[in-house]
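In: need a 3D model of the sequence below.
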Amino acid sequence: MATRVLIISGITESAPYKPDIELVKGLHSKGIWVDVIIPEGSPYVKIFGDLGIRVIPSHPVRKFSLESVSLIRNEITQQHYDIIHLFNTKAIVNGALAAVGKPVKVVAYRGAAGLHWYDPTAWWSHLNPRIDYLVCNSNYVLQHVKRQLFNKSKAVMIHKGMDPGWFSNTRPVSRESLGIPDHAIIVGCVANVRKVKGVPNLLKATYQMDPKLPLHIVLIGQGMESDGIRRLIDASMFKDRIHNLGYRKDVYEVIAACDIYVQPSLSESLSRSVMEAMCLKVPCVVSDVGGLAELVSHEKSGLTVKKGDPAALADAITRLAENRQLRQSYAAEGFNRMQRIFSVENMIANTKRLYEDIVR
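Out: Just a heads-up that it's a prediction; the model follows:
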């Protein structure tokens with residue numbers, strides 16, 4: 001008899017949900033009985049339905065909803081699920097409560113550190129005793145989560161997958177449209193500016209680079225127009241070559257036009273932006289923190305540098321800027337690494353294996 005699973009996810013058509021979408025489809029294709037609870041307005045209500053996947057279009061809209069708890073509990077009772085798999089905080093809080101007293105295993109997803117046993121709210125969500133397994137998206141998150149658990153065997157690691165094929169039709173924006181000459185080396189960085197993203201360290205790195213280098217820096221994301229960022233740009237010898245693009249809908253097309261991608265974070269889990277750059281065959285320079293050091297193998301598929309060290313960041317960017325062959329080598333190995341380690345196929349297979357272990 002097929003394993004019966006209820007997945008609760010906020011799936012819509014936006015990019016962050018692509019791995020969840022492929023996981024649902026992949027598990028279904030491999031014989032897992034998958035039902036899903038997703039938002040009512042999601043286009044995947046119809047798409048999943050057309051694939052023969054049962055859809056309940058009623059994702060929780062609040063962290064605690066008696067209506068959602070009742071709905072999920074009724075589904076557990078009526079459908080006799082072996083497992084419910086919960087992918088966000090609203091799903092976890094409501095789903096864990098719904099499962100109380102029911103013979104169903106509860107699996108929850110955790111994609112970031114920042115979970116602490118001394119935080120009372122954590123016991124309503126990821127540390128809820130009703131949760132049987134916590135699936136962490138990186139070894140970094142796994143080790144952090146284990147430190148918060150009494151029963152450390154609850155925590156398991158499955159890398160969130162990404163398919164380079166999603167980007168196969170991406171065409172780089174023209175350099176002319178960015179106001180950048182054809183001969184320039186473009187360094188890209190995508191971040192919604194917060195202290196943890198380390199963007200000031202990238203700008204300070206330009207203070208220590210030779211202004212004769214034909215570098216142009218492209219900054220993408222919300223908050224890049226802040227006074228603090230503006231002051232750092234104005235103090236740089238590269239200030240006329242730092243392009244503050246702010247929010248862009250064509251992020252992939254801009255990154256595809258870059259020669260180097262930089263993620264200078266002070267803390268980071270499995271960075272979607274770095275994974276996307278690797279899928280686009282752009283070599284990466286990243287801080288040696290969290291999941292970034294799992295994504296980028298130092299001096300094989302990119303360069304890792306000490307976090308918060310503008311001088312080290314400047315040296316790494318300069319090294320790649322001056323060596324086209326090295327950029328090409330790192331880009332190729334980064335792409336292969338995405339296919340070999342961080343693939344959608346691995347994510348599906350490892351999740352299926354977890355389910356089989358749970359019900360055995």
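
In: can you pull out the strands in this protein?
Out: Taking DSSP state E as the criterion, the chain carries its strands at 4-8, 33-37, 54-56, 83-86, 105-110, 133-136, 155-157, 185-190, 215-220, 242-246, 260-263, 284-287, 302-305.

In: pipe the ones you listed into JSON lines and attach distance to residue 64 and mean neighbour count per row.
Out: To be clear about C-beta, it is placed using only N, CA and C from the backbone, and glycine gets the same treatment. Shown next, in JSON lines, are these (distance: least, CB to CB, whole Å; neighbours: other CB atoms under 10 Å):
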{"stretch": "strand 4-8", "distance to residue 64": "14", "mean neighbour count": "25"}
{"stretch": "strand 33-37", "distance to residue 64": "16", "mean neighbour count": "23"}
{"stretch": "strand 54-56", "distance to residue 64": "19", "mean neighbour count": "17"}
{"stretch": "strand 83-86", "distance to residue 64": "14", "mean neighbour count": "26"}
{"stretch": "strand 105-110", "distance to residue 64": "16", "mean neighbour count": "23"}
{"stretch": "strand 133-136", "distance to residue 64": "20", "mean neighbour count": "24"}
{"stretch": "strand 155-157", "distance to residue 64": "24", "mean neighbour count": "19"}
{"stretch": "strand 185-190", "distance to residue 64": "34", "mean neighbour count": "25"}
{"stretch": "strand 215-220", "distance to residue 64": "36", "mean neighbour count": "23"}
{"stretch": "strand 242-246", "distance to residue 64": "36", "mean neighbour count": "16"}
{"stretch": "strand 260-263", "distance to residue 64": "35", "mean neighbour count": "27"}
{"stretch": "strand 284-287", "distance to residue 64": "36", "mean neighbour count": "28"}
{"stretch": "strand 302-305", "distance to residue 64": "41", "mean neighbour count": "24"}
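
In: need those in a markdown table (columns: distance to residue 73).
Out: A markdown table is the format used below for the strands of the chain (distance: least, CB to CB, whole Å):
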| stretch | distance to residue 73 |
| --- | --- |
| strand 4-8 | 11 |
| strand 33-37 | 12 |
| strand 54-56 | 13 |
| strand 83-86 | 10 |
| strand 105-110 | 12 |
| strand 133-136 | 20 |
| strand 155-157 | 25 |
| strand 185-190 | 41 |
| strand 215-220 | 43 |
| strand 242-246 | 45 |
| strand 260-263 | 42 |
| strand 284-287 | 43 |
| strand 302-305 | 46 |
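
In: now these in JSON lines, with distance to residue 120 and mean pLDDT?
Out: Listed next are the strands of the chain as JSON lines, based on distance: least, CB to CB, whole Å; pLDDT from 0 to 100:
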{"stretch": "strand 4-8", "distance to residue 120": "23", "mean pLDDT": "98"}
{"stretch": "strand 33-37", "distance to residue 120": "27", "mean pLDDT": "97"}
{"stretch": "strand 54-56", "distance to residue 120": "30", "mean pLDDT": "97"}
{"stretch": "strand 83-86", "distance to residue 120": "20", "mean pLDDT": "98"}
{"stretch": "strand 105-110", "distance to residue 120": "18", "mean pLDDT": "98"}
{"stretch": "strand 133-136", "distance to residue 120": "18", "mean pLDDT": "98"}
{"stretch": "strand 155-157", "distance to residue 120": "20", "mean pLDDT": "97"}
{"stretch": "strand 185-190", "distance to residue 120": "34", "mean pLDDT": "96"}
{"stretch": "strand 215-220", "distance to residue 120": "37", "mean pLDDT": "96"}
{"stretch": "strand 242-246", "distance to residue 120": "38", "mean pLDDT": "93"}
{"stretch": "strand 260-263", "distance to residue 120": "33", "mean pLDDT": "98"}
{"stretch": "strand 284-287", "distance to residue 120": "31", "mean pLDDT": "97"}
{"stretch": "strand 302-305", "distance to residue 120": "36", "mean pLDDT": "97"}
